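A.B. asks: Got a predicted structure here, sequence first:
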Amino acid sequence: MKFKVKRRMSVWRYLALGYLLLILFGSFLLVLPFAKESGEWGTFADYVDGLFVATSATCVTGLTPVVTAEHWTTFGHVVIICLIQIGGLGFTTLVSILFMAIGGKSFGLYERTAMVQSVGESKLTGVKKLVKRILLGTLIFETAGALLLMIRFIPDYGAIGIWYGVFHSISAFCNAGFDIIGPVSLVDYARDPLVSLVICFLIIIGGLGFCVWGNIADCKGNPRKFSFYTRLALIGTAVLLVVGTALFMVFEWNNVSYSGFNFGDKLLCSFFNATTARTAGYFTTDPATLSNSGTLLMIILMFIGACSGSTGGGVKVSTFTVIIVGMVSVMRGKKDITIGRRRIDQSTLSQALAVFVAYLCLTITATLLINAIEPDAVASFSAVMFETVSAIGTVGLTQALTAKISVVSEFILIVLMYLGRVGILTFAFALRRRKKGEAAVRRPVDTVFIG
């Protein structure tokens with residue numbers, strides 16, 4: 001008599017399913033009458049809005065078909081910020097924290113693999129230390145951000161400014177972009193260095209990733225001891241911020257979005273735009289008022305996104321860097337891809353290209369479908385492209401389109417946000433079924449002409 005041995009669910013399926021269950025649970029909470037100001041159960045369309053917001057919060061995006069400050073009650077806001085915090089830390093991090101809290105003394109190989117895959121780490125050792133560091137680091141940065149924001153919010157809004165400081169600090173650190181001040185995000189603080197720079201600081205720290213600032217802490221801030229990936233992430237982030245800020249200054253200098261601003265105001269807003277486009281979703285100047293060049297620049301920055309293993313989305317800085325360096329190497333006739341004094345494996349370039357092309361194909365397909373569904377009077381091509389890139393990059397910026405689209409288009413954006421947070425490769429691996437003998441079969445090599 002033969003007994004079948006049950007195989008454990010793959011790590012990839014565990015991660016994909018974890019986020020899906022969290023989204024569904026969040027949507028159930030948001031559909032409850034006391035989560036909404038209307039106090040009603042609502043229609044199917046209302047549930048879709050709740051599902052959309054739950055997905056956006058869990059996937060730390062920020063897109064929403066309703067005004068967060070006006071549509072939800074305090075309970076709804078608490079649900080949203082909890083989903084943002086869990087989504088930002090990562091589903092596996094939450095499970096690991098709970099496991100440790102109930103007295104788990106050790107992590108098995110499966111648990112460690114799931115954990116390191118979710119935060120972009122490469123080592124399977126020291127997972128407990130990693131979880132504690134993530135928790136402590138998040139607490140420190142979010143608390144510091146909240147206290148600094150309270151300096152401005154308490155005088156402006158009274159005691160409720162304490163809650164505003166906490167909410168926006170968590171949302172910024174997790175690169176979510178949800179706000180509960182009003183329908184115009186942080187436009188009222190466009191000229192306020194304190195609020196703008198604190199939000200930018202939180203976005204950048206969250207976008208660097210847990211492993212990067214963990215490595216910085218281990219090296220006590222000494223750049224000479226930083227790992228290769230940490231240097232790559234820091235340099236790539238700095239270049240994108242500097243170039244992005246400079247280009248926004250040039251493109252928007254005489255545009256209506258910067259109307260009435262002096263040089264300092266324009267520099268502050270340009271830096272904020274370059275920062276928030278890296279998957280945060282807040283804005284101090286309405287994205288709908290950007291010039292055509294500024295809109296395209298923001299789309300490019302949203303598509304690139306933040307660093308691997310961070311709270312941000314996009315194809316990631318490292319992916320973009322490897323592709324650019326690989327392209328230059330091919331054009332120069334080099335066989336090896338080198339960055340600084342290190343050589344990048346060809347398989348890494350293949351993986352980077354796969355991610356880039358997958359994101360591009362999904363974005364184009366979604367843009368094509370939404371343009372076909374929505375009438376031109378409701379959604380222009382540029383607004384739809386902006387929206388789809390914002391969704392798959394888990395950014396949250398919009399040109400006032402999210403509230404106008406149909407239920408079908410909302411579902412398309414929900415899928416994009418989910419895939420953007422879980423990760424294209426993670427989702428692909430989750431669906432993969434490996435056949436026996438698959439690895440042993442290698443086909444004959446042939447030539448394909450390129451270019």
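C.D. replies: Now that the structure is in, tell me what you want to look at. Residues are numbered from 1 along each chain as shown.
A.B. asks: rest of the way, CA atoms for contacts and neighbours
C.D. replies: Noted.
A.B. asks: Distance check, G42 against L20.
C.D. replies: Distance of G42 to L20, given as Cα to Cα, to the nearest Å: 23 Å.
A.B. asks: what about the strands in the stretch 301-450 of the chain?
C.D. replies: Secondary structure of the stretch 301-450 of the chain (DSSP state E, counting those that start in this stretch): strands located at 337-339, 342-344.
A.B. asks: and the last one, what does it pack onto?
C.D. replies: If I follow you right, that is strand 342-344. Other elements packing on strand 342-344 under the criterion 3 or more Cα pairs under 8 Å, 6 or more residues apart in numbering; DSSP states H and E are strand 337-339.
A.B. asks: Just give the strands next to the strand it packs on in its sheet, each with its orientation.
C.D. replies: Partners of strand 337-339 in the sheet, by DSSP bridges, are strand 342-344 (antiparallel).
A.B. asks: Give me the more crowded residue out of G42 and L20.
C.D. replies: Between G42 and L20, counted using other Cα atoms under 10 Å, L20 has the larger neighbour count: 16 against 13.
A.B. asks: ok, now which ones touch E37?
C.D. replies: Residues counted as contacts of E37 (Cα atoms under 8 Å, 6 or more residues apart in numbering) are E70, H71, W72, T73.
A.B. asks: Now the buried members of the residues you listed.
C.D. replies: W72, T73 (16 or more other Cα atoms under 10 Å).
A.B. asks: quick one on the thing from earlier: in JSON lines, list the strands of the stretch 301-450 of the chain along with mean pLDDT and mean neighbour count.
C.D. replies: Shown next, in JSON lines, are the strands of the stretch 301-450 of the chain (pLDDT from 0 to 100; neighbours: other Cα atoms under 10 Å):
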{"stretch": "strand 337-339", "mean pLDDT": "81", "mean neighbour count": "17"}
{"stretch": "strand 342-344", "mean pLDDT": "84", "mean neighbour count": "12"}
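A.B. asks: Including distance to V325, could those go into CSV?
C.D. replies: Shown next, in CSV, are the strands of the stretch 301-450 of the chain (distance: least, Cα to Cα, whole Å):
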stretch, distance to V325
strand 337-339, 7
strand 342-344, 10
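A.B. asks: hang on, C211 packs against T311?
C.D. replies: No: taking contacts as Cα atoms under 8 Å, C211 lies outside contact range of T311: 11.5 Å.
A.B. asks: can you give me the helices for the stretch 201-350 of the chain?
C.D. replies: In the stretch 201-350 of the chain, the helices defined using DSSP state H, counting those that start in this stretch lie at 210-218, 228-252, 263-276, 292-304, 317-331, 346-373.
A.B. asks: Now mean pLDDT and distance to I180 too, for the ones you listed, in CSV please.
C.D. replies: Compiled in CSV, the helices of the stretch 201-350 of the chain are given as follows (pLDDT from 0 to 100; distance: least, Cα to Cα, whole Å):
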stretch, mean pLDDT, distance to I180
helix 210-218, 82, 27
helix 228-252, 93, 27
helix 263-276, 94, 17
helix 292-304, 94, 23
helix 317-331, 89, 30
helix 346-373, 92, 28
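A.B. asks: Compare those and give me the one nearest S169.
C.D. replies: Proximity to S169, assessed across the helices of the stretch 201-350 of the chain by Cα to Cα, is greatest for helix 263-276 (13.8 Å).
A.B. asks: Buried residues in the closest one, which are they?
C.D. replies: D265, K266, L267, L268, C269, S270, F271, F272, N273, A274, T275, T276.
A.B. asks: follow-up on the earlier one: looking at the helices of the stretch 201-350 of the chain, which is nearest to D156?
C.D. replies: So among those, helix 263-276 is nearest, using Cα to Cα, at 20.5 Å.
A.B. asks: Okay, angle between that closest one and helix 292-304 too, please.
C.D. replies: Orientation of helix 263-276 against helix 292-304 (axes from the mean of the first three to the mean of the last three Cα atoms, to 10 degrees) gives an angle of 40 degrees.
A.B. asks: Please report how far V243 lies from G236.
C.D. replies: 11 Å.
A.B. asks: What score does R443 have for pLDDT?
C.D. replies: R443 is assigned a predicted lDDT (pLDDT) of 73.
A.B. asks: ok, it - how many residues close by?
C.D. replies: 6.
A.B. asks: again, but for T319
C.D. replies: T319: 22 neighbours (other Cα under 10 Å).
A.B. asks: Give me the buried positions along the longest helix along the chain.
C.D. replies: When the chain is parsed with DSSP state H, its longest helix is helix 127-157. Neighbour-count burial for helix 127-157 flags 127-128, 130-131, 133-135, 138, 141-146, 148-150, 152-154 (criterion: 16+ other Cα under 10 Å).
A.B. asks: same check, this time on stretch 45-57
C.D. replies: Buried residues in stretch 45-57 (16+ other Cα under 10 Å): D46, Y47, V48, D49, G50, L51, F52, V53, A54, T55, S56, A57.
A.B. asks: which among these gets closest to Y418?
C.D. replies: Once Cα to Cα is applied, the member of the buried residues of stretch 45-57 that ends up nearest Y418 is T55, at 6.8 Å.
A.B. asks: Kind regards, and thank you for your time.
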